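S.K.: The following block contains a protein sequence and its predicted model.
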Amino acid sequence: MPVERVATGIPGLDELLHGGVPKRNVVLLSGGPGTGKSIFGQQYLYNGLVKGEPGILVVLEEHPVQVRINMSQFGWDPRPFEEKGIFAIVDAFTAGIGEAAKRERYVVRDPPMTFQRCLKF
């Protein structure tokens, strides 16, 4: 029985993976700084958005404004998808501090408390 796969839309990768990532699998992408993990994730998300799939990106180490700039430099403008409500960037970086952070729609304002609440049953 053939394994059902989800295409990443990343040139060359889908061929190496015989059509994409096995469906319903969890994939951990790891590597050192500057190895392309963020670019990989953003490209994967963007390719899904183009196909009409919703997506969420939680940013932990970079301002959402910078993420949008970085994506746009590759030709992946996330703003139209945010406006349609099928893509969201969750700001878990700024804690809502700063003028630009005030314009973000989804902000984790108190990360330590939020994560503590998640751990309580």
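M.R.: Sure, I can see it. Numbers count the residues shown, from 1 in each chain.

S.K.: The residue nearest the centre of the chain and Asp77, how far apart?
M.R.: For the chain, the residue sitting closest to the mean C-alpha position, by C-alpha atoms, centre = their mean, is Leu57 at 3.1 Å. Leu57 sits 14 Å away from Asp77, taking C-beta to C-beta, to the nearest Å as the criterion. Every C-beta, even on glycine, is put in place using the N, C-alpha and C of the backbone.

S.K.: Glu61 too?
M.R.: For Glu61, the distance to Asp77 - C-beta to C-beta - is 22 Å.

S.K.: Between these two, point out the one with more neighbours.
M.R.: More neighbours sit around Asp77 than around the other of Glu61 and Asp77, counting by other C-beta atoms under 10 Å; the figures are 13 against 7.

S.K.: Buried residues of the lengthiest helix in the chain, list them for me.
M.R.: Longest helix in the chain by number of residues (criterion: DSSP state H): helix 37-50. Buried residues in helix 37-50, counted by 16 or more other C-beta atoms under 10 Å: 38, 42-49.

S.K.: contacting residues around that helix?
M.R.: Outside of helix 37-50, the residues that reach it under the criterion C-beta atoms under 8 Å, 6 or more residues apart in numbering are 7-10, 29-31, 54-55, 57, 62, 67, 70-71, 74, 76, 78, 81, 86-87.

S.K.: Which other helices and strands does the next helix or strand after that helix contact?
M.R.: Sequence-wise, the next helix or strand downstream of helix 37-50 (DSSP states H and E) is strand 55-59. Strand 55-59 is packed against helix 37-50, strand 87-91, with contacts defined by 3 or more C-beta pairs under 8 Å, 6 or more residues apart in numbering; DSSP states H and E.

S.K.: and the direction of the longest one versus that of strand 87-91, what angle?
M.R.: To tie it back to what came earlier, the one meant is helix 37-50. Following axes from the mean of the first three to the mean of the last three C-alpha atoms, to 10 degrees, one obtains 150 degrees for the angle between helix 37-50 and strand 87-91.

S.K.: average pLDDT for helix 37-50?
M.R.: Mean pLDDT, computed over helix 37-50, is 94.
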